[in-house]
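Q: next input, structure requested:
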Amino acid sequence: MSQEPARPTFSHLPADKQARVLNAALAEFADQGYHQASLNRLVARAGIAKGSLYQYFPNKEGIFRHIFQLALKLVRQTLVEVKETTAQEDFFTRLEKSLQAGVRFLQTHPRIYSLYLKIQFDRQTPCRQEFLATVRRHAGEYFGSLISRARTRGELRPGISEPAALFLLDAVFDRFLQAAAVPALDVTFNLHQAPEEIIQRRIRELIDLLREGLAA
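A: Residues are numbered from 1 along each chain as shown. Next up, the predicted model:
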């Protein structure tokens, strides 16, 4: 059911108190998942009364939705920055720098990525279908814009199916980041805690394969 995730009272709080509540919520949901997350632990982390929490959010799902929206906004800001700073680069360089940015993001914001994985793998998470569809849609829009520019520049092989190319890029990027974040999901690259030069080499290997299949 659609609802406002945060009440107006939350936006009126001092910025440091908002950050404290949001950081506590992100930590709880990312570490425990939605159903195991405890509002008692959350308010203890945030240093607020439980009653105050319900002045800021309608319920547990409202807090969860608000955290997801903030995480998605941060991801989108990262993608916009990459797209703008690589606007003059060729398609495959843009892909390489996009994947590098993705790795930096999960290293800088491990709990945001952990939250995404919890949503992805826990079928009982509220709003799961909506959230996952939103993530995939934004990924499709991002890769679609890169493909469109590459077509205009004649960088792609004629006749390539755009839906297939979008699916391929989304799948490769998503699996690479999963492997970088979760050792159990990486049975080939051994990316977890690998030196930076190894991670960069693996990224280049993937981009080289994509270039061989897609480049004009």
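Q: which residues of the protein score low on pLDDT?
A: 1-4 (pLDDT under 70).
Q: what are the ranges of the helices in it?
A: Taking DSSP state H as the criterion, the chain carries its helices at 8-11, 15-32, 39-46, 50-56, 60-85, 91-108, 110-121, 128-152, 162-181, 196-214.
Q: need those helices in JSON lines (columns: distance to residue 190).
A: Any C-beta I mention is one placed from the backbone N, CA and C, and that applies to glycine too. JSON lines is the format used below for the helices of the chain (distance: least, CB to CB, whole Å):
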{"stretch": "helix 8-11", "distance to residue 190": "43"}
{"stretch": "helix 15-32", "distance to residue 190": "24"}
{"stretch": "helix 39-46", "distance to residue 190": "34"}
{"stretch": "helix 50-56", "distance to residue 190": "42"}
{"stretch": "helix 60-85", "distance to residue 190": "25"}
{"stretch": "helix 91-108", "distance to residue 190": "14"}
{"stretch": "helix 110-121", "distance to residue 190": "18"}
{"stretch": "helix 128-152", "distance to residue 190": "25"}
{"stretch": "helix 162-181", "distance to residue 190": "9"}
{"stretch": "helix 196-214", "distance to residue 190": "8"}
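Q: mean neighbour count for these - can I get that in JSON lines?
A: Shown next, in JSON lines, are the helices of the chain (neighbours: other CB atoms under 10 Å):
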{"stretch": "helix 8-11", "mean neighbour count": "12"}
{"stretch": "helix 15-32", "mean neighbour count": "17"}
{"stretch": "helix 39-46", "mean neighbour count": "16"}
{"stretch": "helix 50-56", "mean neighbour count": "15"}
{"stretch": "helix 60-85", "mean neighbour count": "17"}
{"stretch": "helix 91-108", "mean neighbour count": "18"}
{"stretch": "helix 110-121", "mean neighbour count": "19"}
{"stretch": "helix 128-152", "mean neighbour count": "15"}
{"stretch": "helix 162-181", "mean neighbour count": "17"}
{"stretch": "helix 196-214", "mean neighbour count": "14"}
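Q: residue 56 touches residue 21, doesn't it?
A: Yes: the pair residue 56 / residue 21 is scored as a contact, 6.8 Å apart, by CB atoms under 8 Å.
Q: list residues touching both of those two?
A: 10, 13 (CB atoms under 8 Å, 6 or more residues apart in numbering).
Q: isn't residue 83 right up against residue 148?
A: No: counting by CB under 8 Å, residue 83 stays clear of residue 148, with 11.7 Å between them.
Q: I'd assumed residue 21 was in contact with residue 48.
A: Yes: look at residue 48 against residue 21 with CB under 8 Å: they come within range, at 6.6 Å.
Q: now residue 72: how far from residue 189?
A: In this view, residue 72 and residue 189 are 27 Å apart by CB to CB, to the nearest Å.
Q: now do residue 120
A: 19 Å.
Q: check residue 112 too.
A: Taken as CB to CB, the span from residue 112 to residue 189 is 22 Å.
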